[in-house]
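A.B. asks: Need the 3D shape of this:
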Amino acid sequence: MALISIRGLTKTYRMGDAHVHALDGVDLDIERGEFVAITGASGSGKSTLMHLLGCLDRPTRGAYILDGQNVSRMNEKQLAAVRNRSIGFVFQTFNLIQRTPAVDNVGVPLFYARKSSIRGPALHALERVGLRPRAHHRPNELSGGERQRVAIARAIVNDPVLLLADEPTGNLDSRTGEQIMEIFHELNAQGVTIVLVTHEADVALQAQRIVSMRDGRIISDRRVDPRERDELLARHRSALVMADAPSSGNGEPRAGEPRGGGRAPAGGKPDRVRGAVGALTLALLGAAGVLSGVVAGRLVGKLDIQPGQTLPAGVLWRAASAVLPLLVGYVLAIIALFVGRRARRLMRESPGLFRGAEYLLAGRVIAWLVILAPLLSALVSKLPS
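C.D. replies: Numbering: from 1, shown residues only. Predicted coordinates:
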C-alpha cells in the first residue's frame, strides 16, 4: 500500500462572486521511502497541495489516505495529532523561536506530544544533521544553513513517516543549499519519505520523481534517470570540493574555514581553552575561599571576650582581622560559582573538547563548603556535648 494516496483532490477558494480552483481533481500515489519533488510556476497549486498533504488544510472534495488513514475526513483535533505524530515540516523561512536555543527549538514537537523525554531525542536529531555542537546556540548565533539544519532536526525529531519541505533552499546560497540537499539524501537513504516543493530545476533533479503542476492539475509525473541524477550530484560534490580548496587571494574560503556567515563552530580550540581556564579558575577561587575561611576561624578562636567586658582596641583589631578574611572567602566562593556556571555551559556546548570537568566539580563543591561552613559550625556548636 502506498504511503500517500490521493484521489480527485479538489480545493476551491471563494473570492467575491468567483470560485478559484487551486486544485482541480488531483490523483497521486507516493510510495513509502520515495523522494518526490513537486514543481510548477506560482499559482500552479503546488503550495496548496503541500498544505493538504501536511494536514494544514482540508480539501473541498476528494480523498487523502495517509499511511492507511483517511485524513480528509478528520476533524481539527485529529488532524493536529496526525501533524504532530506522522508529519515533519521544513519551511523556507526556518520558523525558529529566536530567543530559544537550538536544542529547545528541536524539542518543540516533543513538548506538544507530551513526551516525557525531550532533551535526549532533540540532541540525537541535531546529531543526525551534524549540528549537535551548536545545540545551545540561539538562531541569531547561527548561519542560514545551520538554522535550516535545526529546522530539519525539528522536523525529524518525532521520526515522522513523511517529511514535507517547502522551498528549503530558497533562502540559501547555492553551496549551503547543496549541503542541505545532502542531508535530505542521507535521510531518504535511511528510509524517510520526502516530498519537496521547489521551483529550482537542479534541486528537483535530485529527487527520484518530479511531479509538475499547472493550473491546479498534474501535467507530468516522471521518474528521474538515475544516471542523470548521479551526474548532477557528482558535479555538485565536485563544486563543493573546489569551494573548500585553499584560497589564492580571490576571496574564496580556505579549506576548514566556517561556511555560511563565517562563524566558527562551537567546540573548537577557543572553547577548549576557555573551558579549561574557567574550570581551573573555579578551583583556585574555591581553594582561596577555603583558606580565607580557615584563617578567619583560627583568628576568631583566639578571641577571649567575657560578657560585659569593654573591648580594647587590640580585640577590635583582631575581630576585624577575623571577619575580613571570612568576607573575602564568601566573595571568592560566589565568584567561583558564577565562573563554574559559565564553565559548565561551555562543557555542554563542547562535550568532546572540554577538559577540566573534575576541576569544575571540585571547585563547585569547595565553593559551597565555603558558603555553608560557618552555618554548619554554628549548628554543631549548639549541639549538647
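A.B. asks: burial of I6, as a residue count?
C.D. replies: Neighbour count of I6, defined by other Cβ atoms under 10 Å: 22. Every residue, glycine included, has its C-beta placed from N, CA and C.
A.B. asks: is it true that it lies in a helix?
C.D. replies: No. With DSSP: H, G, I helix; E, B strand; the rest coil as the criterion, I6 is strand rather than part of a helix.
A.B. asks: Which pLDDT value belongs to it?
C.D. replies: At I6, the pLDDT value in this model is 94.
A.B. asks: For it, list the residues it contacts.
C.D. replies: V26, D27, L28, D29, L52, L53, G62, A63, Y64, I65 (Cβ atoms under 8 Å, 6 or more residues apart in numbering).
A.B. asks: The residue nearest to A135 when sequence neighbours are not counted: which element?
C.D. replies: The shortest distance from A135 to any non-neighbouring residue, by Cβ to Cβ, 6 or more residues apart in numbering, is to V103 (4.1 Å). If you go by DSSP states H and E, V103 is part of helix 102-106.
A.B. asks: So what touches that helix?
C.D. replies: Identification of contacts with helix 102-106 by Cβ under 8 Å, 6+ apart yields 96-97, 119, 122-123, 125-126, 131, 134-139, 142, 150, 153-154, 157.
A.B. asks: Which of those residues are buried? Put it as a PyMOL command.
C.D. replies: Remark: buried members of those, expressed as a PyMOL selection using 16 or more other Cβ atoms under 10 Å:
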select buried, resi 96+122+123+125+126+131+134+135+136+137+138+139+142+150+153+154+157
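A.B. asks: ranges for the strands of the stretch 1-150 of the chain?
C.D. replies: Assigned by DSSP state E, counting those that start in this stretch, the stretch 1-150 of the chain shows strands spanning 4-15, 18-30, 35-39, 61-66, 69-70, 87-90.
A.B. asks: And this structure, split by domain according to the record?
C.D. replies: Listed domain ranges for the chain are 4-243, 269-303+312-382 (source: automatic domain parsing).
A.B. asks: Kindly report which one of those carries the lowest mean pLDDT.
C.D. replies: Ranked by mean pLDDT, the domains of the chain end with domain 269-303+312-382 at the bottom, a mean of 58.
A.B. asks: and A113, what does it touch?
C.D. replies: Contacts were defined as Cβ under 8 Å, 6+ apart; by that measure A113 touches N84, R85, N158.
A.B. asks: Give me the phi and psi for it.
C.D. replies: When read as degrees, to the nearest 10, the backbone of A113 gives phi -80, psi 0.
A.B. asks: And it, how close does it get to R61?
C.D. replies: Computed with Cβ to Cβ, to the nearest Å, the distance linking A113 and R61 is 31 Å.
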